[in-house]
Structure formats: C-alpha cells, structure tokens
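1. Sequence plus the predicted model coming up.
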Amino acid sequence: MAITDSGLNMKIATWNVNSIKVRTQNVLEWLGQAQPDVACLQEIKTVDEGFPREAFEEAGYNVAVHGQKSYNGVAILSKLAIEDVSARLPGDDDDEQARYLEVTVTAGERAVRVASIYLPNGNPVDSEKYPYKLRWMERLRTHAAQLLDEEDMFVLAGDYNVIPEPEDVHNPQGWSDDALFLPQTRASYRSLLGLGLTDALRACTREPAQYTFWDYQAGAWQKNHGIRIDHLLLSPQAADRLTGSGIDSEVRAWEKPSDHVPVWAELAL
DNA sequence: ATGTCGATACTTTATCGA
C-alpha cells in the first residue's frame, strides 16, 4: 500500500515525571518549549482528582488520567481530540496498580492509538516484584500482538524499566543483577520487539549512551551515569511514518527535576 | 558513602518505593 502524506506531523512524547504535583511547572515549561501534540506521563503519584487537569487544559491540552494514591499513575495529554479511553491492560483482573492507559488521538482523517506505560521496576529480584514484572511484560506482549492484528498505527510509550542493550547503560557490569538489565528481562523485551515493533530512538541513531534516567543519588547526572529505560515502540504502520526521535536531556538540569527526561518521536501522517 | 527524592502516617522522623 502506498503511503500518502496528509501534511500533518504528530509529535508524541513520554516522560516519567515522578509526582505530577511537584512537577506541574516543569511540565508546563517543557510543553511550551517542546510543543508535543501528545504527551504520555508516568508516576503521577496521585488519584485522578489530584491531577492538575485545569493547568494543562489552559495550556491547550485534553487530559486523560488513570491515577492511584501515592504510587504509580499514568496520564495522557493531547492537543488533539481523545477518544476510546481504556485503562486496562488485559490478562489480570486482580491487578490494582495504575500502570496503563490507552487512547485514540485523531488528526483529521488519521487516528493513532497511543498508550502510556509504566512497566513495573521489579526490584528486589528475589521478591514477588520480579515475577510480577515478568508477568506484566507477558501481558503487554499478548496485548501488543492483538493490536498488531488490527494493522493500525499505534505507539506504546513509557517507562519500560528495561535497559535493552549494554550500550544503554554507563556500566553494564554494575547492573548485571538488576531487574532492569537481567537476561530474562532483556529477553522478554526483545520478544516484544520481535512481534514487529520499532524502537523509535534506535531507528534514528545507533549512538551509545542515549540516556533517559539518571539517579538522584551519588551525582549520577553530573557524572553522566545514566540508563536508557524510556522508550516509544511503534507499530509497522507508525514506523513507516517516523521522521525523527530524540531525548530532551536538558530538562534534567532544571530546578526540581524528575530523575527521568522526556523522549519523543515525530510521525508524518 | 545507604550518597536523593517523593508520598504517607504521624512526626517532629520513619517507612516504603524507586
């Protein structure tokens, strides 16, 4: 099928904000500079009623929120209309953690399904948290396979808590026993990509050390001791339209920063 | 160097999660 060009660009970003209440001003400042059409947020750390919806509506964004008290919580901001909101990652009706939100955004005739993902951290590895992470990844893979069957454009964006390759961490040996870099974690992530998804950043650059997270501790930012764990995975229909991807790392040097920075991908629709 | 943040319950500080 020939790819036609509607002349519309769509910039989709993801950012783990580590508390939306603390980070509202930083997010507004970044939205003004980066001008994403869609922004997927993670770790908002509040219930829906605590989300500063009005501040983002005044900035021109529609808002979808799936919050939770104290921990987790995801949201999607969109300059475009939001439809068909779902906060459910299938596969475990007993999962109470707010880690997944999926919407459709529409630009003229074009519709893109976008998910904001906060994949479980999984540490410590010898606790129940690690098998939960692996089960969650398996649920995500099953769901992604279902979405792929529909052959539409979609983008799964978020904090995956997965370091894909050794070049995505400053000291691979130091992370060898961590839930973010264990062989089983990386294998599960590869099997997700293997369904036919494209890592937007890696489609645009093979440069090592493209980090998206620097720990608050031990001067990690100043020493550039980072890891790449925030990703945008594109369906084939979206990957065909990818024109660029990048990391807004300067945001990490702002006052009161999140420990993550925004990552974005641009599609020519 | 267990070195930093943020949320919460209940404190004038501790616990958990990351």
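-> Here it is on my side, so go on. Numbers count the residues shown, from 1 in each chain, chains lettered A, B, ... in the order given.
2. wait, doesn't residue A:266 sit right on residue A:10?
-> Yes - between residue A:266 and residue A:10 there is a contact under Cβ atoms under 8 Å: 7.0 Å. In short, each C-beta sits where N, CA and C put it, glycine included.
3. which residues does the residue nearest to residue A:239 when sequence neighbours are not counted form a beta bridge with?
-> Nearest residue to residue A:239, sequence neighbours excluded (Cβ to Cβ, 6 or more residues apart in numbering): residue A:198, at 3.9 Å. Beta-bridge pairing for residue A:198 (DSSP bridges): residue A:234.
4. ok, how many other residues are close to residue A:198?
-> Residue A:198 sits with 20 neighbouring residues when counted by other Cβ atoms under 10 Å.
5. Contact residues of chain A facing DNA strand B?
-> A:18-19, A:21-22, A:45-46, A:69-71, A:120-121, A:123, A:129, A:216-219, A:256 (Cβ under 7 Å from any atom of the strand).
6. Looking at these, which are in helices?
-> A:21, A:22, A:129 (DSSP state H).
7. Can I get those residues in TSV including pLDDT and neighbour count?
-> Conversion of those to TSV gives the following (pLDDT from 0 to 100; neighbours: other Cβ atoms under 10 Å):
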residue	pLDDT	neighbour count
A:21	97	12
A:22	97	12
A:129	97	14
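8. Closest one to residue A:103 out of those residues, please.
-> Using Cβ to Cβ, residue A:21 is the member of these that lies nearest residue A:103, at 22.4 Å.
9. Setting aside sequence-adjacent positions, which residue approaches that closest one most closely?
-> Residue A:21 sits nearest to residue A:46 (Cβ to Cβ, 6+ apart), 6.1 Å away.
10. Distance-wise, check residue A:198 relative to residue A:204.
-> 10 Å (Cβ to Cβ, to the nearest Å).
11. so what sits against both of those two?
-> Shared contacts of residue A:198 and residue A:204 (Cβ atoms under 8 Å, 6 or more residues apart in numbering): residue A:242.
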